[in-house]
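# Got a predicted model here, sequence first, then my questions.
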Amino acid sequence: MADSPSDTQAPTLSWPRLLAGTVLGLAALALVGRQIDRDALLKALSGLALGWLVLACLVDLLAFGLRALNWRVLLGGSGQVRYLPVLRATVIGAMTTDVLPLRLDELVRAHLIGRHSGLPRSQILGTIAIERCLDVCMLLMLLGALAWTTQLTPQILTGGAVLLSALLLAGLLYSLGPRSGGGSAMGEIFSELAIGMRAARGRILAASAPWVLEWVALLAMFNLILIAFGLPGSGSHALAMLVASFLVFAFPITPGAAGVYEAAITGMLVARGLPPEQALAIALTAHTVVLTPTTLLGALFLAVEDLGLADLLGAVPRPAKRAA
């Protein structure tokens, strides 16, 4: 049965988490820029081949199209769930991560598809949970490939420790999120996941092709960014960037992971032998490529849905406060 409006309330930003996230983002930027020569940075940026960046943006959008196809298969792929609403929900969900210091992607997607399909929320959330489990499996395989192709120098181990520490801190900041009704704000939602996952598990094999192609497209996108900087044949660098990007966006404690993203990508590339200025230039460019297409297209799709960000925040389910 669908939730009634009285059963939910709009989530609010946790000010301690927002403040701590902002401080962490600024600290990350300061750490990156401490030893950067501005003239060398501008020189690295001035040598960009813009045509490759345009192609990288298009490949990024292709990856979202493949993710939407994968999700539609998991949802059932019937006439009840059409591709275009799934695509719009996928892009809008990503856009919320780009502009808000919250991870509302999955909940926003579930809400939007529920509006169009009438599917039970448990079934929708179950498919998203399967999608994320598949992503974690792919991440583990990519980490293994990265370790196999990388000589683990002290600099890389230190950079990995810093990134892991940042992610652990991000997880702690997320735990500072608001609670209501004496329980976890998302406890009501997690209680439905098992039902939805059981309903969708038979479609995992059919969804595997677009899922693999999506990750291939993402790897190609980062490789195109490196080519734009005159670094062809840098597949292992692209792999490192993909892994770092996935980890950072898992806990976006600042809008679009600003600051933390640059620090993670720059640290990865410097540890792999690139000059700091070139590494930061690549990180700034990659962040722009990752954010710009989805933010612009997400805003367009939001207008098509006749919604605003405030509507999405108000629609994300949260247990209401119980009467005293």
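On my side now, so go ahead. This one's a predicted model, so the numbers in the text were calculated from it and none came from an experiment.

# count of residues packed around Leu53?
20 (other C-beta atoms under 10 Å). Backbone N, C-alpha and C define where each C-beta goes, glycine included.

# Make 30 the first number, not 1, from now on.
Fine by me, first position is 30 from now on; the one you just mentioned is Leu82.

# I'd assumed it was in a helix, is it?
Yes: under DSSP: H, G, I helix; E, B strand; the rest coil, Leu82 falls within a helix.

# distance of it from Val88?
11 Å (C-beta to C-beta, to the nearest Å).

# what is in contact with those two at once?
Overlap of the contact sets of Leu82 and Val88 (by C-beta atoms under 8 Å, 6 or more residues apart in numbering) consists of Leu253.

# all helices in this protein, in order from the N-terminus.
44-62, 67-75, 79-104, 112-128, 134-146, 150-178, 183-203, 216-219, 222-229, 233-257, 264-279, 289-300, 305-333, 338-344 (DSSP state H).

# Tell me which of those sits most buried.
Comparing the helices of the chain by mean neighbour count (mean count of other C-beta atoms under 10 Å), helix 289-300 ranks first with a mean of 25.

# rewinding a little: can you redo the helices of the chain as a markdown table with mean pLDDT?
Listed next are the helices of the chain as a markdown table, based on pLDDT from 0 to 100:
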| stretch | mean pLDDT |
| --- | --- |
| helix 44-62 | 64 |
| helix 67-75 | 88 |
| helix 79-104 | 93 |
| helix 112-128 | 91 |
| helix 134-146 | 86 |
| helix 150-178 | 81 |
| helix 183-203 | 52 |
| helix 216-219 | 52 |
| helix 222-229 | 57 |
| helix 233-257 | 90 |
| helix 264-279 | 88 |
| helix 289-300 | 86 |
| helix 305-333 | 93 |
| helix 338-344 | 72 |
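
# thought Gly122 was touching Leu133?
Yes: counting by C-beta atoms under 8 Å, Gly122 sits close enough to Leu133 to count as a contact (7.4 Å).

# Got phi/psi on Arg111?
phi -80, psi 160 (degrees, to the nearest 10).
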